[in-house]
Each structure stands twice: as C-alpha cells, then as structure tokens.
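Colleague: fold the following for me, if possible:
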Amino acid sequence: MGRDGFWLLERVQAEDTPAEIRGLPSLEVLRRIWIQQYYREGETIRWRTEKEGLPPAHQMIASPDDLEARYAGKAGFYWTGYKVHFTETCEAESPHLITDVETTPATTADARVLEDIQARLQQRQIAPEQHLLDSGYASLSTLMTSRERGIELLAPLLRDRSWQARQANGYDHTHFQFDWERQVATCPQGQTSRPARKGQCRNGLPTLTFAFDLKTCQACAVKTKCTRAKKSGRQLTVLAPPLYEFIQEQRQRQQEEGSEKRYRKRAGIEGTFSQAVRGHGLRQARYLGLARTHLQNLATAAAINLARLYTWLCGKSRVSSRPSAYLTFATAPA
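Modeller: Numbering: from 1, shown residues only. Next up is the predicted model:
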C-alpha cells in the first residue's frame, strides 16, 4: 500500500497532469497522510515509527474524512474524534442544568480547557464558588488560576508517583525538612544536603534539586527506603517556594474532615454524561469538523436542560440512578 501510494502521488503531481487534478483537496489530504505514515529510503518505502518522524497524536490525521478528528484514549477506552466537557449546577433544591459546553480535539488535555470554561462562566456571571472536577483537570496552574478568580477548586490531586511514595515505609519528599532560606534539605536521619540547584520542570515552573553526599547515603542504615542510586547520593527535586507550600496546602485540605462529602456531588455529572450518551447519542458525531460537532453538543445539552426543567416544573423528584426496565414497567399506571 505504501509503495502504491507514493507512486500515485508522484503520478498525479507530474507536470503533465492537469492543474485542476493536482489541486484537488482530496489529493492534498492523501499526500499529508502518506507523508505522516511512510518515508522513502532509496527505492524502499517504510512505515514511520516514533524514532523515524511519526507525528504526535495531536498532529496526526486520524480520519481522511474529518481532518480535525484525533485518535486518543482514556481509562482503557479509545476513539477517533473529539472530547466534550459539560459544566452543570448541583444545588440540591434546584434542577441540575448544564451551564457550559466545551468541545475539543480528543487529544486536548482536560486541564488546558478549564481556564476558558471558568472565564466564560464569569463573563455570564454564573461562576461557581466551588468547582468540582475529576483529577484530570487538577494541576498547579489550574489551582492557582481558580483561586485568583475566587473559585475554590475541588479536584483530587495526583499522588506522588515515585517508588518511595508507593512503598509503605519509603522516604518521599514529605519526610524531608526544607530550609528555604539556606536552600538545604535535611533527611529523616538528620543528614544535610548540599545547597540546592535551581532548574525548571517540563511546564516551566521553577524547581530546586537537593543532592546528598554519596558516601553518607551509601553508609546509611535505611538507604533501601530512600534511594536506589549506586553512583550518587539521594537527589530530591521539588517545586520552589511558594509553589511547594501551596501544593502541600491543597493536599492537606483534601484530607480534612468533610472534604470527601463535599466532593461526592461531582458524581452527578457522570449521570449527565450517561443520559447524553444513552438518550441523545453523544458518542456518535453526526457531522464532520470541530465546529459542527460542538454545535451538536450544544443541542444535546439544551435538550437535557429542557427535559430536566419539564420534570422539575411537573414536581417530579430527581432520581439518583436510572430505573431498570422492570421497575419502569411495574410502576407504570394501568
């Protein structure tokens, strides 16, 4: 297929091919797809791999019919297309209504859309005092931005992924004491690091790296709980203050009594997505392109709101889960 594809492209791009054929949009799409998937090595056509120039998922064409659709996966579910974000109210005495709809390519990270969502809610003067989200929206940037907007962000922060944190008795960063003025750290055994080295993490935030002496760590009785390095002592990289204190404060708030109860309200949005998928075909885009798919999502949200308003005005109570077919039949009026 790859060799035939390159032959076809070379043939239609030849000088003797009519210009109206060479300029066909479908041929330009074909050219882009073949360049993304294959490359020429002499007379041999080869598949691209990540090491040989395969584009990242957010740039790769996933469908020749919809050039804006992208291939992505989440929680073991994979699809080609888009991602929709619903925001809804959750007051106990009022109908739960969708107040914002955001549609993005499937590869767009959840945390990247939160700032735009909150900006629109503020512009319409319906910004929440508390914003309940899943962990995909939680990051240092979104936490700080939400606080500046006067919104309390309730979202579980991802846990420390280091092996020390996963090990029951391991020494992760919370077991160290930091002297920010002197820029040194003290380990659980009382040993002091060398002055910290400044740096940056992937998203550009400032970090400090504390390094401990190799001989001291090698002779430590609890070395297996702290480091596996053989040619260096323990090295510990953390966010620079005040960011470090801010993130620890947020983690501490998640452990406070009552925080779990407040966060339970977020489960309602899962029912909204279930209603949109089962009752309105949310996972099947009826149109091509991001703009048209977003219009479909807006119409779906409007339909859900109308149904909920009708139920509320009729005085019907909101159910916590979808009733079974048998229960619906058994309780139906004669």
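Colleague: what's the burial count for residue 292?
Modeller: 15 (other C-beta atoms under 10 Å). For every residue, glycine as well, the C-beta is placed using N, CA and C.
Colleague: please enumerate the helices of the stretch 101-250 of the chain.
Modeller: 110-123, 140-148, 163-166, 214-218, 243-254 (DSSP state H, counting those that start in this stretch).
Colleague: nearest to residue 49, out of those helices?
Modeller: helix 110-123 (27.2 Å; C-beta to C-beta).
Colleague: residue 221 and residue 171, how far apart?
Modeller: 12 Å (C-beta to C-beta, to the nearest Å).
Colleague: of the two, who's got more company?
Modeller: Taking other C-beta under 10 Å, residue 221 and residue 171 do not tie; residue 171 has more neighbours (22 against 7).
Colleague: rewinding a little: adding mean pLDDT, write the helices of the stretch 101-250 of the chain out as a markdown table.
Modeller: Output for the helices of the stretch 101-250 of the chain, formatted as a markdown table (pLDDT from 0 to 100):
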| stretch | mean pLDDT |
| --- | --- |
| helix 110-123 | 94 |
| helix 140-148 | 89 |
| helix 163-166 | 91 |
| helix 214-218 | 93 |
| helix 243-254 | 87 |
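Colleague: for residue 331, which of those helices is the nearest?
Modeller: Across these, closest to residue 331 is helix 110-123 (C-beta to C-beta), at 38.0 Å.
Colleague: ok and the closest one relative to helix 140-148, angle-wise?
Modeller: 10 degrees (axes from the mean of the first three to the mean of the last three C-alpha atoms, to 10 degrees).
Colleague: so how far is helix 110-123 off the chain centroid?
Modeller: 14 Å (C-alpha atoms, centre = their mean, to the nearest Å).
Colleague: residues making contact with that helix?
Modeller: 85, 87, 99-100, 102, 104, 127-128, 131, 133-134, 136-139, 141-142, 145-146, 149, 151 (C-beta atoms under 8 Å, 6 or more residues apart in numbering).
Colleague: any idea of the mean pLDDT in the lengthiest helix in the chain?
Modeller: Looking across the chain with DSSP state H, the single longest helix is helix 290-313. Average pLDDT, helix 290-313: 95.
Colleague: go through it and flag the buried ones.
Modeller: Within helix 290-313, the residues that qualify as buried are 290, 293-294, 296-297, 300-301, 304-305, 308, counting by 16 or more other C-beta atoms under 10 Å.
Colleague: ok, now stretch 40-59?
Modeller: In stretch 40-59, counting by 16+ other C-beta under 10 Å, buried: 45, 48.
Colleague: the buried residues of helix 290-313 into CSV, with extra columns for distance to residue 77?
Modeller: As requested, those are exported to CSV (distance: C-beta to C-beta, whole Å):
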residue, distance to residue 77
290, 20
293, 18
294, 21
296, 20
297, 18
300, 19
301, 21
304, 22
305, 26
308, 26
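Colleague: which strands and helices sit next to the helix or strand containing residue 276?
Modeller: In the assignment (DSSP states H and E), residue 276 maps to helix 267-280. Applying 3 or more C-beta pairs under 8 Å, 6 or more residues apart in numbering; DSSP states H and E, one finds that helix 267-280 contacts strand 77-88, helix 290-313.
Colleague: can you tell me which of the ones you listed is nearest to residue 186?
Modeller: That would be strand 77-88 among the helices and strands packed on helix 267-280, by C-beta to C-beta, at 43.5 Å.
Colleague: average pLDDT across that closest one?
Modeller: Strand 77-88 comes out at a mean pLDDT of 94.
Colleague: please name every helix or strand in contact with it.
Modeller: Short answer (3+ C-beta pairs under 8 Å, 6+ apart): strand 77-88 packs on strand 70-74, strand 98-105, helix 110-123, helix 267-280, helix 290-313.
Colleague: wait, which of those is closest to residue 249?
Modeller: Per C-beta to C-beta, nearest to residue 249 of these: helix 110-123, 19.0 Å.
Colleague: now do the closest one against strand 98-105: the angle between them, please.
Modeller: Going by the same axes, to 10 degrees, helix 110-123 makes 140 degrees with strand 98-105.
Colleague: one step back: okay if I get the helices and strands packed on helix 267-280 as CSV plus distance to residue 71?
Modeller: Listed next are the helices and strands packed on helix 267-280 as CSV, based on distance: least, C-beta to C-beta, whole Å:
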stretch, distance to residue 71
strand 77-88, 5
helix 290-313, 15
